[in-house]
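Undergrad: Return atomic coordinates for the entry below.
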Amino acid sequence: MAEIRAEMVANVWKVLVAEGDTVEDGDTLLILESMKMEIPVLTEDDGVIAKLQVAEGDVIQEGDLIAVIE
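TA: Take a look at the predicted model:
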């Protein structure tokens, strides 16, 4: 099990995966927007999205849980 956490304060601009989706190392899970920059959030693990904690338009804080991969 791997937890993907926010590395900065940002807006969730676009979510590219859903719970139940299979992902591989290097896949983009979502795109954050901060200071007019788009920041992709990548996974470093292979597995299935067990939990997706964010939705488009959410504001997340550093350390917030984004997703759990099993």
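
Undergrad: Not counting sequence-adjacent ones, nearest residue to Trp13?
TA: Closest residue to Trp13 apart from its sequence neighbours, by C-beta to C-beta, 6 or more residues apart in numbering: Glu33 at 4.1 Å. For glycine as for every other residue, the C-beta is placed from the backbone atoms N, C-alpha and C.

Undergrad: Going by neighbour count, which residues in the helix or strand in which the one you found is found are buried?
TA: Using DSSP states H and E, Glu33 sits within strand 28-34. For strand 28-34, burial by neighbour count (16 or more other C-beta atoms under 10 Å) applies to 29-32.

Undergrad: Contacts for that strand, please.
TA: Residues outside strand 28-34 that contact it (C-beta atoms under 8 Å, 6 or more residues apart in numbering) are 4, 6, 8-17, 23, 38-43, 49, 54, 60, 66-67.

Undergrad: Look at the closest residue to Glu44 other than its chain neighbours and say how many residues are nearby.
TA: Among residues not flanking Glu44 along the chain, Asp25 sits closest, at 5.7 Å (C-beta to C-beta, 6+ apart). Asp25: 10 surrounding residues under other C-beta atoms under 10 Å.

Undergrad: which residues does Asp25 contact?
TA: 43-46.

Undergrad: and the two most separated of those?
TA: The most widely separated members of the contacts of Asp25, counting by C-beta to C-beta, are Glu44 and Asp46 (9.3 Å).

Undergrad: Between these two, tell me which one has more neighbours.
TA: More crowded of Glu44 and Asp46, by other C-beta under 10 Å: Asp46, with 13 against 10.
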